[in-house]
Every structure is written in C-alpha cells, then in structure tokens.
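**Student:** mind looking at a prediction? Sequence and model below.
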There are 2 protein chains.
Amino acid sequence: MTQELFARYSFLLDRTARKVKQYAQHQFKSGEFDVTVDQWLVLKNLSENELLSQTELANLVFKDNPTLTRIIDLLCKKGYVDRVPHPLDRRSFQLHLTKSGIDKVNELRPKILEIREKAWENLTGKDFEEFKRILDTIYQNLDNQESE
Amino acid sequence: MTQELFARYSFLLDRTARKVKQYAQHQFKSGEFDVTVDQWLVLKNLSENELLSQTELANLVFKDNPTLTRIIDLLCKKGYVDRVPHPLDRRSFQLHLTKSGIDKVNELRPKILEIREKAWENLTGKDFEEFKRILDTIYQNLDNQESE
DNA sequence: TAAAAGTATTTAGCATACTAATTATATTTG
DNA sequence: CAAATATAATTAGTATGCTAAATACTTTTA
C-alpha cells in the first residue's frame, strides 16, 4: 500500500539527516573544532551577516528562540560571540563575532567544506538538483499546512 | 563553488527532516495520540516484531541504546509495553506490547498513515524512487566512512 | 575453571528541539 | 496618554541524540 511507503520515506529522511549530522559531528570532534555542528551553523551565519538580532538569526538558521538563546550562551562562553545591546530597542541584542570568533570561522570553514563533501559522493549534479527540489517541495507542503 | 552547495544541501536536509517530524508531532498532539513521533516508531516496530530485545529494537529503529531505554521507560509508564525478563539471558529483556499497546497501535495506525501522506503531495512516484535512492546513497557514503 | 573479554542495559551529562509561560520593553489604539 | 497588544529574549520542563562510564551478566580463553 502506498501510504505505508510515505511512513517509510519519513523514516529514511530522519535517519539520513541524523547520519549526516552524526558524521559531521564525529569529524568536528576528532578535529577538535571546539564547536558543535549547530554552533558552527550559527557562527557561519554570523560571519556572513553582521548585527543580527537573535530572532533574525533564529529565522535564518530555522531554529526556535529558546534553542538559539542556548547556542548563543555557549558561543559567548567560548568567547566567539558578544551580545551588544541594541541601540534603539532595549529588549534586543545585536550579535557580534569577536576577533576570536572570526578567527575560528576562518580556520574551520575550509575544513568543514571538505567534511560536508563526503555525504555527496556517488551522486551526480542532476541528483543534487532533484534532491533539492524534492526537499523544498516537502518543506513547502508542510509549511503551508501549518497555519490550518 | 560546489563545496558551498554541499553545506547548503546538508542544511536543507536537516531543516526538512525537522519540519517533517514537527508537522507529524503537531498532528499527534492535536489528535491527542498520547505518544510522540519517536514513541510511535517504537510501538509500530514492536507490533510487527514480537519478543525483541532492546538492542535488536534499537538496531531496527536506528536509535542508540540510551535513547531507546528512555523511550521504553516512557512506554512502560504509559502501560503500552512490558519488559519481560529473557528466559535464557538475565542481562536482557523481551519487549512485549500490552493489550493497551496493541489497541493503541490499531487506533493510531490509519490516522498516522494519513498524516504522513501530506509531506509527499506534489511529488510523483518517480520522485519517491529518486529520493529514496539519494537518501540511501548518502547514508551508505557515511556509514562506510565511519569505521575509518 | 578462573580470568579476560564481550554484551545488554542503565546512568550521567551535555546539546538540541519543542512548548508554554515569564519578563521586559515597544507599539498600537481607544 | 493610558490600556491593550505585540515583540525579544529568557526560563522551565519534557523528549530525543549522543558519548562515556557503570553494572550485571555471558562467553571465551588461557
């Protein structure tokens, strides 16, 4: 029955996403990167967008605010990020990469690009396009549904 | 640069997998299913395989032992599962669905198949095949790598 | 058969995902 | 302008994912 397949695909999707993160996390660990995969995602986005608020950053990386608060806490503790009070809105912070944070991003970026490559071996350019299209379709299907 | 794309795909994969789980979890909640998505996965596998040990079940659902221990704890508390001492190996349990657990599976199965369907709208049979093939390829790429 | 190695499960601890509620501050509106 | 509403960030609580170590038991091996 086709419906059973949908459940199976959902399982495969979850399993593969976990494997990709797991693999990257192992490499991060053995390379002593001093950040997790999710912390890296946040650092990388901060390096590409200065003066974001936490809510703006949360939207960029598709994480909820509590999760982002904790990731930022950890990155502040590690000295890679500062919370700068927003000049116009006292509820808000502007997130700022420290010198050490910038150095970390520059150090890790090429290593991480290499790590990410492994997952995509044995796949063609056409596969990537198909994959992206299908992922986006799934995402849209559920994103629109949500408000109903 | 192509490498940047790999990082982007990894992000999309993670984001989509989370969205699929999130959507299902919302539906589970509004339907008052009394189990989480992961607890359902475990219940469903137990209904299809009697007398599994926790390690066997963990391998089936691709979860690690500590995570499975906790999920089984919760399902026992809810009265859906029993841990039966293994007759030959005193380290081990045989997992057993209670009457209430069987009823729960029968009640939820059709509802959940319907929920799972939503993610796959606007996709063709060929898309599913491609998607499965690509997910499996990625999984294999990293699964083999792991031992190195 | 006693020691060593292996296995099943659990515990502890950290990180992330999510919900709900709280706090502090801004904005809108009557 | 005061009250109602909205927003940014945090806190608290639960569930999951992972690692490392502990416990209890089995199997292997010297």
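**Tutor:** Cool, the structure landed.
**Student:** alpha carbons only for contacts and neighbour counts from here, please
**Tutor:** Fine.
**Student:** show me what contacts residue A:127?
**Tutor:** Contact analysis of residue A:127 by C-alpha atoms under 8 Å, 6 or more residues apart in numbering or on different chains lists B:130, B:134.
**Student:** okay, it: pLDDT?
**Tutor:** The model reports residue A:127 with a pLDDT of 95.
**Student:** next helix or strand past the helix or strand where residue A:102 lies?
**Tutor:** Using DSSP states H and E, residue A:102 maps to helix A:99-117. Next helix or strand after helix A:99-117 toward the C-terminus (DSSP H and E): helix A:125-145.
**Student:** buried set for that next one?
**Tutor:** When neighbours are counted by 16 or more other C-alpha atoms under 10 Å in any protein chain shown, the buried residues of helix A:125-145 are found to be A:127-128, A:130-132, A:134-135, A:137-142.
**Student:** and those residues as JSON lines, adding distance to residue A:106?
**Tutor:** Listed next are the buried residues of helix A:125-145 as JSON lines, based on distance: C-alpha to C-alpha, whole Å:
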{"residue": "A:127", "distance to residue A:106": "30"}
{"residue": "A:128", "distance to residue A:106": "27"}
{"residue": "A:130", "distance to residue A:106": "31"}
{"residue": "A:131", "distance to residue A:106": "29"}
{"residue": "A:132", "distance to residue A:106": "27"}
{"residue": "A:134", "distance to residue A:106": "32"}
{"residue": "A:135", "distance to residue A:106": "30"}
{"residue": "A:137", "distance to residue A:106": "33"}
{"residue": "A:138", "distance to residue A:106": "34"}
{"residue": "A:139", "distance to residue A:106": "31"}
{"residue": "A:140", "distance to residue A:106": "33"}
{"residue": "A:141", "distance to residue A:106": "37"}
{"residue": "A:142", "distance to residue A:106": "36"}
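**Student:** could you pick out the longest helix of chain A?
**Tutor:** helix A:2-30 (DSSP state H).
**Student:** which other helices and strands contact it?
**Tutor:** Packing partners of helix A:2-30 (3 or more C-alpha pairs under 8 Å, 6 or more residues apart in numbering or on different chains; DSSP states H and E): helix A:37-48, helix A:99-117, helix B:2-30, helix B:99-117, helix B:125-145.
**Student:** show me what from chain A comes close to DNA strand C.
**Tutor:** Contact residues, chain A versus DNA strand C (C-alpha under 7 Å from any atom of the strand): A:36-39, A:63-67, A:70-71, A:74, A:88-91.
**Student:** excluding sequence neighbours, find me the nearest residue to residue A:27.
**Tutor:** Nearest residue to residue A:27, sequence neighbours excluded (C-alpha to C-alpha, 6 or more residues apart in numbering or on different chains): residue A:115, at 7.2 Å.
**Student:** distance check, that neighbour against residue A:102.
**Tutor:** According to C-alpha to C-alpha, to the nearest Å, residue A:115 and residue A:102 sit 20 Å apart.
**Student:** so which residue is dead centre in chain A?
**Tutor:** In chain A, the residue lying closest to the centroid (C-alpha atoms, centre = their mean) is residue A:41, at 3.9 Å.
**Student:** mind listing what that one touches?
**Tutor:** The contact partners of residue A:41, taken as C-alpha under 8 Å, 6+ apart, are residue A:61.
**Student:** likewise residue A:28?
**Tutor:** Residues counted as contacts of residue A:28 (C-alpha under 8 Å, 6+ apart) are A:34-37.
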